[in-house]
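Q: no letters, just coordinates:
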């Protein structure tokens, strides 16, 4: 019976095992969701072979088909020669947390689609001018990806130092004064070297203590209107 395990009554209920059912490694593995079986098996074996703690999160499929998320942490007991004797551990039901995490991830994915479908520029920057949020329109203008902009500044993509300095000065003004700023016209040099005229609103992102370390911005591209007005004035 070297492969059998001792499991508390609460643990048996957690995994859906009867009180008299022998619990082996294979029985444990068969209880898991098919996608989690091999990774969990390898994690257990690696822990036994290395003597390191065993930490894993996996899904258990109950007899009625319901799925339960479990988090387990275990430790290897060794004999005097360093050979593994047993794996002791505790398991917790984290289904509620996982369900909340999945719902939050779906919400984030939905909000990402919402801001990316917007043709206007939407962004947030911290006090150092680093982007903490951008939509696809900003990334397209700078010839990069959304992920490629996060943590970077305008100076990393914009060849016009005067524009970069102006953007940062307006950002800091909004952050320091805690007041929204409307900028009727400003220009940005994009990845193709073309100048785009923007109408911008910037608003401080207020923390719980009443201070701000970021600002949120939204820009409407008014290049066509600006160029059209100049053309009319020229005629």
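A: Cool, got the structure. These figures come from a predicted structure and were not determined experimentally. Numbering: from 1, shown residues only.
Q: what helices or strands is the top helix by length along the chain leaning on?
A: As assigned by DSSP state H, the longest helix anywhere in the chain is helix 95-116. With contacts taken as 3 or more Cβ pairs under 8 Å, 6 or more residues apart in numbering; DSSP states H and E, helix 95-116 sits against strand 67-78, helix 136-141. The C-beta positions use only the backbone N, C-alpha and C, and glycine is treated the same way.
Q: name the surrounding residues that touch the helix or strand just after the shortest one.
A: What that stands for is helix 136-141. Counting by DSSP states H and E, the next helix or strand C-terminal to helix 136-141 is helix 146-149. With contact meaning Cβ atoms under 8 Å, 6 or more residues apart in numbering, helix 146-149 is reached by 116, 131, 134-136, 138-139, 142, 157.
Q: of those residues, which is the most crowded?
A: Scoring these on neighbours with other Cβ atoms under 10 Å, the highest-scoring entry is residue 134 at 26 neighbours.
Q: residues contacting that one?
A: Contacts for residue 134 were tallied using Cβ under 8 Å, 6+ apart; they are 122-124, 146, 149-150.
Q: apply 7 Å and report the result again.
A: 123, 146, 149-150 (Cβ atoms under 7 Å, 6 or more residues apart in numbering).
Q: ok, residue 190 next?
A: If you count contacts by Cβ under 7 Å, 6+ apart, then residue 190 has 141-142, 196 around it.
Q: could you check the pLDDT of it?
A: As predicted, residue 190 sits at a pLDDT of 95.
Q: now it: how far from residue 42?
A: Using Cβ to Cβ, to the nearest Å, residue 190 is found at 48 Å from residue 42.
Q: out of the helices and strands in this protein, which is least certain?
A: helix 223-234 (a mean of 68; mean pLDDT, DSSP states H and E).
Q: excluding chain neighbours, what is closest to residue 180?
A: Here the nearest residue to residue 180 in space, its sequence neighbours aside, is residue 203; by Cβ to Cβ, 6 or more residues apart in numbering that works out to 4.6 Å.
Q: does anything pack onto the host helix or strand of residue 198? Which helices or strands?
A: Per DSSP H and E: residue 198 is located in strand 195-206. Packing partners of strand 195-206 (3 or more Cβ pairs under 7 Å, 6 or more residues apart in numbering; DSSP states H and E): helix 161-177, strand 181-189, strand 212-221, helix 223-234.
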